[in-house]
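# Structure for this input, please:
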Amino acid sequence: MTRVQLIIPDDDHLNYVRQAQREELTLSAWLRAAAQDRLQRMRRTARFETQADVRSFFAECDRIEGPAREPEWEDHLATMRESRRL
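Numbers count the residues shown, from 1 in each chain. Coordinates of the predicted model:
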């Protein structure tokens, strides 16, 4: 098992400890559970089961406001290159 040292503001530490105690967990167990919950939320993606699901997805995409025109491919590449520098 790996040990991890965290720097947590005092107020947050107190809140985390109190919540862990309410849930009858150690702070370490509570932080691991919180991290697992977050990982699972981030992994949740709806899978397409039917053609209707796909159509519904793209209909929803069409309703989302976006740029008036699709950017040129070179603009996409520039955006990707810039994001790697951050």
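
# What are the contacting residues of the longest helix along the chain?
Longest helix of the chain, by residue count under DSSP state H: helix 27-43. Identification of contacts with helix 27-43 by C-beta atoms under 8 Å, 6 or more residues apart in numbering yields 6, 16-17, 19-20, 23, 25. The C-beta positions use only the backbone N, C-alpha and C, and glycine is treated the same way.

# State the pLDDT value of Arg47.
pLDDT for Arg47: 80.

# Just give me the neighbour total for it.
Arg47: 5 surrounding residues under other C-beta atoms under 10 Å.

# residues in contact with it?
Counting by C-beta under 8 Å, 6+ apart, Arg47 has no contacts.

# Quick check: the gap between Thr2 and His76.
As judged by C-beta to C-beta, to the nearest Å, Thr2 and His76 stand 38 Å apart.
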